[in-house]
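Colleague: below is the sequence, then the predicted model.
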Amino acid sequence: MKETQVFRFRLPKPKTDVGMAFLGHQDSTAPIINDSKVGVFGKDSGVPNRKRLIIKFRIPNPNALKNNHQDSKPINKNSGYRERVRKLLTEAFSRVSSETDESISPSIDPVQVAATVESVLFERIGWSNPIMKANYQSILFNLKDPKNPDLRRKVLLGEIKPKSLVTMSAEEMASHKRQSENIQIQLKRLKRCVHDADEEEKATTDMFQCSRCRDRKCTYYQMQTRSADEPMTTYVTCVKCNKRWKV
């Protein structure tokens, strides 16, 4: 009796030409099973007790491999958290039409946009990791922020793509007003740092007495404000009451 080995494997590309896929003999009588072609190559050599190799190819039906867009695929019924996020995003995007004078095309569906954004957020960030979930919530906060309608409008109209949204920092997502406030805060901090550095460079002395609080703990520094042959001007600051004078 002849010994036969049968191997089955699935080709990755549904559009592969069956004739080109077979490296050996192709059985022209290969049956069609479930709309998928099954090919056989390798044939009996006619010599008794010789092994022969039969390999069967199954090429999946291309119609069964229709690639749905990842943003619109349904989520698990048990994902209550994701459902709530989609609902919140839908409510946020639905407000855009009343927040802007710009005409919104009827083809732009806030529900679909919310589903797309949530899917990208979940796939790129997830919500099981506490650190990543904080980033997730930061994006949600900025999209829902009543003072940040410009961000919602840009995302809804596609000016900011969901894949770009997940990479934005909190400062980049902030409204123009918030960004201006942040810049002012940073400038104040910079001025404060410069002032503190100047104070550290000033010398402390008890040579001068404050006329206001009578304390002698003062700082001073000197500058050449007059001609070079005249003495420098000394500027004194009382540490206790911050009174300033020059000598």
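Modeller: That came through fine. Residues are numbered from 1 along each chain as shown.
Colleague: alpha carbons only for contacts and neighbour counts from here, please
Modeller: Will do.
Colleague: those helices in this structure, which residues are they?
Modeller: 18-21, 80-94, 96-99, 110-124, 130-144, 149-156, 162-165, 170-173, 176-201 (DSSP state H).
Colleague: possible to save those helices as CSV with mean neighbour count, mean pLDDT and distance to Arg244?
Modeller: Formatted as CSV, the helices of the chain follow (neighbours: other C-alpha atoms under 10 Å; pLDDT from 0 to 100; distance: least, C-alpha to C-alpha, whole Å):
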stretch, mean neighbour count, mean pLDDT, distance to Arg244
helix 18-21, 12, 41, 92
helix 80-94, 17, 87, 55
helix 96-99, 14, 84, 52
helix 110-124, 19, 88, 57
helix 130-144, 16, 80, 46
helix 149-156, 20, 89, 48
helix 162-165, 15, 88, 52
helix 170-173, 14, 82, 39
helix 176-201, 12, 71, 13
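Colleague: could you dump these to JSON lines with distance to Thr237?
Modeller: As requested, these are exported to JSON lines (distance: least, C-alpha to C-alpha, whole Å):
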{"stretch": "helix 18-21", "distance to Thr237": "90"}
{"stretch": "helix 80-94", "distance to Thr237": "55"}
{"stretch": "helix 96-99", "distance to Thr237": "53"}
{"stretch": "helix 110-124", "distance to Thr237": "56"}
{"stretch": "helix 130-144", "distance to Thr237": "46"}
{"stretch": "helix 149-156", "distance to Thr237": "48"}
{"stretch": "helix 162-165", "distance to Thr237": "51"}
{"stretch": "helix 170-173", "distance to Thr237": "39"}
{"stretch": "helix 176-201", "distance to Thr237": "10"}
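Colleague: Ser94 contacts Ile108, doesn't it?
Modeller: No. Taking C-alpha atoms under 8 Å as the definition, Ser94 is not a contact partner of Ile108, at 10.4 Å.
Colleague: what about the residue nearest to Val247 when sequence neighbours are not counted, distance to Cys218?
Modeller: Using C-alpha to C-alpha, 6 or more residues apart in numbering and skipping residues adjacent in sequence, the residue nearest Val247 is Thr234, 5.1 Å away. Thr234 sits 12 Å away from Cys218, going by C-alpha to C-alpha, to the nearest Å.
Colleague: these two - which one has more neighbours?
Modeller: Cys218 (23 against 14; other C-alpha atoms under 10 Å).
Colleague: I'd say that one and Thr237 touch.
Modeller: Yes. Counting by C-alpha under 8 Å, Cys218 touches Thr237, with 5.5 Å between them.
Colleague: Ile139: what's it in contact with?
Modeller: Listed by C-alpha atoms under 8 Å, 6 or more residues apart in numbering, the contact partners of Ile139 are Leu165, Val166, Ala170, Met173.
Colleague: for the first one, give me its contacts.
Modeller: Leu165 sits next to Ile139 when contact means C-alpha under 8 Å, 6+ apart.
Colleague: equivalent analysis for the second one, please.
Modeller: Val166 makes contact with Val120, Leu121, Arg124, Ile125, Ile139 under the criterion C-alpha under 8 Å, 6+ apart.
Colleague: let me know the closest of those residues to Gln209.
Modeller: For those, the residue nearest Gln209 by C-alpha to C-alpha is Ile139; the value is 57.0 Å.
Colleague: ok, the closest one to Glu171 distance?
Modeller: Ile139 is 11 Å from Glu171, by C-alpha to C-alpha.
Colleague: likewise for Tyr220?
Modeller: Relative to Glu171, and taking C-alpha to C-alpha, Tyr220 is found at 40 Å.
Colleague: over to Leu140?
Modeller: Distance from Leu140 to Glu171, by C-alpha to C-alpha: 14 Å.
Colleague: please apply the same query to Leu151.
Modeller: Applying C-alpha to C-alpha to Leu151 and Glu171 gives a distance of 12 Å.
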